[in-house]
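Visitor: Kindly return the folded structure for what I paste below:
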Amino acid sequence: MPKGNTLRLIATALSSKTYQTLRSYLDVVYIYAGTISLAKELKQTDQFSVGTVIITPGSPGHCCIVIDEARNSKGESFYKLAEGYTPAQSIYILRNPLYSVATPWYRLSKGTISTSSYEFTDYRLGKME
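Guide: Residues are numbered from 1 along each chain as shown. Have a look, this model is predicted:
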């Protein structure tokens, strides 16, 4: 139930465990959730690892999630990133436009992160608790 800038979900009956029930719930989430609400839910971190969300909250904002990690023989970490647009109904793996030899792997460190669709300059790192 929307009220101002907040949304409260009120249980009115037991929900069935069907695809249609899940789909109905996700439709509501996709309508009201965005980078601002997601940023409030994330626990801040300072490390890149699987599950880390790179997020610039706002309207518009943007985010990606680290979905895989690999290390080379030198012990350097490389990461795969995924993203989706609003509403985030289709999530896909990003290619790395700056290093086509290693696409879709990214070397991530603090500072500007350039992906094929967005440049993160002022961002936060977070994980779900």
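
Visitor: Tell me, how many residues neighbour E129?
Guide: Neighbour count of E129, defined by other Cβ atoms under 10 Å: 6. C-beta here means a position set from N, CA and C on the backbone, and glycine is covered the same way.

Visitor: quick one, what contacts it?
Guide: By Cβ atoms under 8 Å, 6 or more residues apart in numbering, E129 lies in contact with K43.

Visitor: quick one: pLDDT of it?
Guide: The per-residue pLDDT reported for E129 equals 74.

Visitor: Next one: it relative to V101, how far apart?
Guide: E129 is 37 Å from V101, where distance means Cβ to Cβ, to the nearest Å.

Visitor: what about G126, which SS state?
Guide: strand (DSSP: H, G, I helix; E, B strand; the rest coil).

Visitor: What sits closest to it if chain neighbours are left out?
Guide: Spatial nearest neighbour of G126, chain neighbours left out: L42 (2.7 Å); criterion: Cβ to Cβ, 6 or more residues apart in numbering.

Visitor: Next up, the contacts around the one you found.
Guide: V53, I55, R124, G126, K127, M128.

Visitor: hang on, the second one packs against C63?
Guide: Yes: proximity of I55 to C63 meets the contact threshold set by Cβ atoms under 8 Å, at 3.9 Å.

Visitor: where do the strands sit along the chain?
Guide: Taking DSSP state E, the strands of the chain run over residues 2-3, 6-7, 43-44, 53-56, 62-71, 77-83, 92-93, 105-106, 113-114, 119-120, 124-127.

Visitor: Count the residues that sit near L125.
Guide: 20.

Visitor: where's it relative to Q47, distance?
Guide: 7 Å.

Visitor: Give me the mean pLDDT for stretch 105-114.
Guide: Mean pLDDT, stretch 105-114: 93.

Visitor: Run through who's touching that stretch.
Guide: Residues contacting stretch 105-114 (Cβ under 8 Å, 6+ apart): 48, 54, 66, 70, 76-81, 94, 96-99, 115, 119-121, 123.
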